[in-house]
Every structure is written in C-alpha cells, then in structure tokens.
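Trainee: Turn this into a structure:
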Amino acid sequence: MKNPKLSRRQKKDISAYLHIYAYIKNEKHSMRRERTVRTLRFRSFDTYEENLKVAERWHHAIRINKAALKNEFVEKQLLIFLNPKSGSGKGREMFHKQMAPVLKEADVSYELHVTAHYNFAREYVRKHSDLLRSYSGIVVASGDGLFFEVLNGIMEREDWCAITRHLPLGIVPCGSGNGLARSIAYLYKEPYGPKPILYATLTCIAGKLAPMDLVRIDIGKEGKASEMYSFLSVGWGLIVDVDIESEHLRSIGASRFTFWAIRRLISLRTYKGRLSYIRCDRKDGRKAFGNRVSTVSNEERRLPPEVQEFHDIPNTPAGAKEDDFYSTNTGTNRNDEFSDAISLDHMSFHSNADSWHSAVSKRTAYFSLNDQSLRSRRSVLNRLESINLEHESRRPPSTIPSLDLPVPTDTWHTEEGEYILVHAAYTTHLSVDCFFAPESRLNDGIIYLVIVRSGVGRSQLAHFLLGMSSGTHLPEEPNKYIEVVPVRAFRIEPSPDREGIMAVDGERVDYGPLQGEILPGMIKVMVPNGNAID
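Mentor: Residues are numbered from 1 along each chain as shown. Model prediction:
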C-alpha cells in the first residue's frame, strides 16, 4: 500500500491518492497470483493538505483493521540476508528486480546484508547483541545452505530459546537448492512457479507464522563430537553421492544430477553399517517428545492453533494518541472481493518514490553494492519490544543416548547390513524437483527414514530415482529392499572399512557415526495465508 504523501499526481491537482496493491490467486485458470492495483482518490476538500489528512486516515485504518492483537504494534525491520552468488551469480539482480519492488509496494522496512563469505550470516546472527529488539524477522534470499547458516547461528546463541519463539524465519528461493521454499508452497497450496521469488516475498511480508520441526544432529569422529541443527534432511549413500560429487558440474544446471545418477547406477556402491531408530506412529509424532510450541506466551495462545498472523504496523499521525489506534476489533470481511488477496501493508519504509528501489521510478538507476551491508532508511518510530530475553546456555534437552553409548534394545530397532542409501527427510521436498517425503508436514514430529538396501535391482533403483520428481518412488506394498519408516530418532554407524559421504541439509559433514532426533515445533517460519493440507 503506497503512502498517500507520495501520491500527488500534478502540482495543480488538490486530490490525494492512495494506492492499494494486491496479488490475487487465480485458481481457475492457473496456480499463480495476479497483481492488482486499486487507486483511491480523495478530493472532498478545497486544499491538498485537507485531502491528504483524509487519505492518511484511510491508510492507517486499513493497516490497523488487520491487526489481531492489542499492543502488538512494534516498529521493526526485516533482516534480509542475500547471497550474491545465488542464482548463478545473479543474486543482486534478482533482489533489485524482483524482491525490492514488492517490498516497496508493501511499505516494508528492511535491512539488507550481502554475504561476503561462507558463514557470514551465521556469524552475524550469532554475534548480534539485540536481534529481538532490532528485527521483526529474518529472511534468507538464497538457497537452503544460507538458511542452514542462519538457523545454526541462532542455536549457538545463549538466548536461542527466546529467538526461536519470537523471531520468525523466512526464505526466498534464489539459490540452487530450494527444498524448504518448495515444501512450504506445496503444503499451503501456494503457486511456486513461474515466479517463485515473487510468491515467496509475498509470503514473507504478508503471510502467517507456523511452527516447524528441527532435528538435532550429533556427529562423532575420532573422539571429536559436534552438534548442529537441521531442517531438511540427512543423507548417506547414493543420493548424497550424486549431489556432492556432481558439484563440479554445477554450470550445466539440474542436468548434472541426471548425468551423475546414471554414472552411479553403472558403478553402484554399497555401504556397510549399523542402522538404529525409534519407530513413530504417524498420527502421534508430536506427542512423542511433547509439543515445544505449547510453551509460547499467553498472547500467542490466543491465536488459532498452528498459525499466527503477521501484525501490521501503523504510523501515528501528529496529534493523535497511540492508544487510539490499538484496537482488537479487526472488522475484516473475509467474504469480500479481496478475501484471498495478500495485502501488502506491513511496517513503514518511507523513502523517495524515485529512488532505485521504487517500482514506479522514471529515473534510470545504476546501483552498486561495494559495501557488504545495505541499510534501508529506518522508520520514524523506534519503539522497543517489551519482552524478557531468556538466556539459556544449555541446549534443547535430549531424550536419546549420546553417540558414545549404546542404544536401548527395548525401544530402538537395530539392524546391520549393506545399504545403497539411507536418507532421513522432514520436509516434503529436498529440492524444487525432488518430491521425496510426500507425507511430511512442517510440524508433525516425524522423521521419514528412507532405506534402500543392497540387493535391489538396477531397474527398480532406476524407477526409484526417476519417481522422486513426482513422489512415486516409495513402494505402496511392503518391500524388503526399499522401505520408508516414520521415526522419532535415528542413528547411522558406517563401517570404518570404507570412506563415503554424509550430508546434513546438503552440506557435507565428517564421515562417521551420526544420530538425529526430532525437536517438534522448535522454530517459527513464514508461510502463506490459508490452511495447510492435511
């Protein structure tokens, strides 16, 4: 929604104009959102200043009318991390051409940081002393790798518990591995193509919040133990081999996976090891470890289960009292023409309408980001969030034995053998075109452990690989070679007689014993409006 102060069209025109932008889903003809602009003209009075005051009142009324909670209007920015190397090196161009115009239309205040090196975002998030007071959320404009950095930077903080409860994370798919963004779009029946960056940006500025599971990963090799947090998957064997070993072919695009998969099928590898896991009922996944989200504040409990809305941020006109604008009466009519429109009216980003980030600028703009940090103009209001930070140095409590201890035989299933692959997934998609765990949900408390054992025929294995794009790779009937097991925790112990590759969220890790356990609803992520699929 465009600020009426920027909408006086001609010097002699005493009218004030308010522009309202909406992206409405067209479900009849195609799964996409169509941009719609409504312009309101105010000319009841004889002077521009008086008409502007009326337009401003409408501007504030529209924004405040969507507010769900009382006293939740805190003026803060989005923190955006952009990987300039994402999108085949076109990360900056993608941001300026596709993200920035929508942020401008939405009147969103943001702070952009262009990553300068590996773990730049991780270090920034870990060391920033005042994340909660400074930002309303963190958005990653890249692939899954940068999201992994941000997530683990948060979990390395002393106040990780408060951050995970109150600071939502969003992702805009600018990278090569976009499994999380694709999973969110699929689960909320939101279009992904042909403009995934646009649709994900809309989600981050005008969507809802939903809890999402994490998996704590423990890795131990040669007496060195390490811990990390995963949101996507853990892999050992064929799929990871294809992904990691084909990195040098990244220049040929997605076809590198097909080429390398054929090569690996011809020279098929098997890996010996021990696999242990705790089975989980698909209906009771979250009950297994308890629901982390049940510990949220009383204010959050008033929201509908599973989802919390973003809250709009008003600007108080001169002479008005803040309390005049704090109303819990939303007055929203969801049956009107724009009930499914994503209203772009969050926060306050007041800047020159003819600046480089304006979607309607008539000026030719050349931009350069020599500095690694680009800060948008701060909002006029600098109200601080009144919340008590929780400084907890301890990690989330574990319910499984450490890697140096044996697993209990009464609750764990253990098998030894040779494997083609073992892959644990907790999102529906591992990438845009890999529909790996169709039954997975963001907050179901379940790890889907896919096991392909040695002895499977090459034709069956080829069918498995080809079916991953459509989600038809998993057998419908019991199969002794290919199995998917819903679990709460797992442990992989590769035999030391052969080296191999293991990866967490697509990032290679030390080869050796590894275990993971589900942490239900550990973080909040930005998701589209609407209900998720069952």
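
Trainee: and stretch 408-417, how far apart are its ends?
Mentor: Terminal residues of stretch 408-417 are spaced 19 Å apart (CA to CA, to the nearest Å).

Trainee: Need the contact partners of it.
Mentor: Residues outside stretch 408-417 that contact it (CB atoms under 8 Å, 6 or more residues apart in numbering): 272-279, 401, 407, 453-454, 491. All C-beta atoms are positioned from the backbone trio N, CA, C, and that covers glycine.

Trainee: same thing but at 7 Å, please
Mentor: Contact with stretch 408-417 is made by 274-279, 407, 453-454, as judged by CB atoms under 7 Å, 6 or more residues apart in numbering.

Trainee: Stretch 166-175 too?
Mentor: Contact with stretch 166-175 is made by 83, 86-87, 91, 94, 99, 131-132, 135, 137-145, 147, 150, 180-181, 196-197, 200-201, 203-204, 209, 387, 523-526, as judged by CB under 7 Å, 6+ apart.

Trainee: quick one: which of these sit in helices?
Mentor: Of the contacts of stretch 166-175, the ones assigned to helices by DSSP state H are 86-87, 91, 94, 131-132, 144-145, 147, 150, 180-181, 196-197, 200-201, 203-204.

Trainee: List only buried entries from the contacts of stretch 408-417.
Mentor: By neighbour count, with 16 or more other CB atoms under 10 Å, these hold 275-278, 407, 453 as buried.

Trainee: Just put those in a markdown table and tack on distance to residue 477 and pLDDT.
Mentor: Formatted as a markdown table, the buried ones among the contacts of stretch 408-417 follow (distance: CB to CB, whole Å; pLDDT from 0 to 100):
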| residue | distance to residue 477 | pLDDT |
| --- | --- | --- |
| 275 | 22 | 99 |
| 276 | 25 | 99 |
| 277 | 21 | 99 |
| 278 | 24 | 98 |
| 407 | 29 | 97 |
| 453 | 16 | 98 |
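
Trainee: any idea which of those is the one closest to residue 263?
Mentor: For those, the minimum distance to residue 263 (CB to CB) is 21.4 Å, reached by residue 453.

Trainee: now the closest one: how far from residue 46?
Mentor: To residue 46, residue 453 is 83 Å away according to CB to CB, to the nearest Å.

Trainee: got it, and residue 152?
Mentor: For residue 152, the distance to residue 46 equals 60 Å [CB to CB].

Trainee: which other helices and strands contact the longest helix anywhere in the chain?
Mentor: For the chain, the helix that runs over the most residues, judged by DSSP H, is helix 48-64. In terms of contacts (3 or more CB pairs under 7 Å, 6 or more residues apart in numbering; DSSP states H and E), helix 48-64 is packed against strand 16-26, strand 32-42.

Trainee: In a markdown table, list those strands along with distance to residue 413.
Mentor: Listed next are the helices and strands packed on helix 48-64 as a markdown table, based on distance: least, CB to CB, whole Å:
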| stretch | distance to residue 413 |
| --- | --- |
| strand 16-26 | 44 |
| strand 32-42 | 45 |
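
Trainee: Residue 510 is nearest to which of these?
Mentor: Comparing those against residue 510 with CB to CB, the closest turns out to be strand 32-42 (43.3 Å).

Trainee: give me the element residue 272 is part of.
Mentor: Secondary structure assigned from DSSP states H and E places residue 272 in strand 271-279.

Trainee: mind checking how far that strand is from the chain centre?
Mentor: How far strand 271-279 lies from its chain's middle: 30 Å, per CA atoms, centre = their mean, to the nearest Å.

Trainee: Alpha carbons only: can I get that strand in PDB?
Mentor: What follows is strand 271-279, C-alpha atoms only, in PDB (Å, rounded to 0.1, in the frame of the first residue of the first chain):
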ATOM      1  CA  TYR A 271      27.900 -49.200   2.300                       C
ATOM      2  CA  LYS A 272      28.200 -51.400   5.300                       C
ATOM      3  CA  GLY A 273      27.000 -50.200   8.600                       C
ATOM      4  CA  ARG A 274      24.600 -50.300  11.500                       C
ATOM      5  CA  LEU A 275      21.200 -48.500  11.500                       C
ATOM      6  CA  SER A 276      19.100 -47.900  14.600                       C
ATOM      7  CA  TYR A 277      15.900 -46.000  15.000                       C
ATOM      8  CA  ILE A 278      12.800 -45.400  17.200                       C
ATOM      9  CA  ARG A 279       9.600 -46.100  15.200                       C
END
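
Trainee: State the distance from residue 33 to residue 195.
Mentor: For residue 33, the distance to residue 195 - CB to CB - is 8 Å.

Trainee: okay, these two: which has more neighbours?
Mentor: residue 33 (21 against 15; other CB atoms under 10 Å).

Trainee: The contacts of stretch 166-175, buried ones only, as a PyMOL selection?
Mentor: Command for PyMOL that selects the buried part of the contacts of stretch 166-175, burial taken from 16+ other CB under 10 Å:
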select buried, resi 83+86+87+91+94+99+131+132+135+137+138+139+140+141+142+143+144+145+147+150+180+181+196+197+200+201+203+204+209+523+524+525+526
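
Trainee: Spell out the residue ranges of the strands in the stretch 201-350 of the chain.
Mentor: 208-221, 224-230, 233-237, 271-279, 308-309, 342-343 (DSSP state E, counting those that start in this stretch).

Trainee: looking at those strands, which has the lowest confidence?
Mentor: Here the strands of the stretch 201-350 of the chain differ in mean pLDDT, and the lowest is strand 342-343 at a mean of 36.

Trainee: so what's residue 184 closest to, chain neighbours aside?
Mentor: In space, residue 184 comes closest to residue 527 once its chain neighbours are excluded; the distance is 5.5 Å by CB to CB, 6 or more residues apart in numbering.

Trainee: Now do the one you found, the pLDDT please.
Mentor: pLDDT, residue 527: 96.

Trainee: Identify the bridge partners of it.
Mentor: Assessed by DSSP bridges, residue 527 has beta-bridge partners residue 208.

Trainee: I figured it hits residue 204, correct?
Mentor: No. Counting by CB atoms under 7 Å, no contact exists between residue 527 and residue 204, whose distance comes to 9.7 Å.

Trainee: any idea of the pLDDT on residue 323?
Mentor: 39.

Trainee: Next, find the distance separating residue 93 from residue 202.
Mentor: Per CB to CB, residue 93 is found 20 Å from residue 202.
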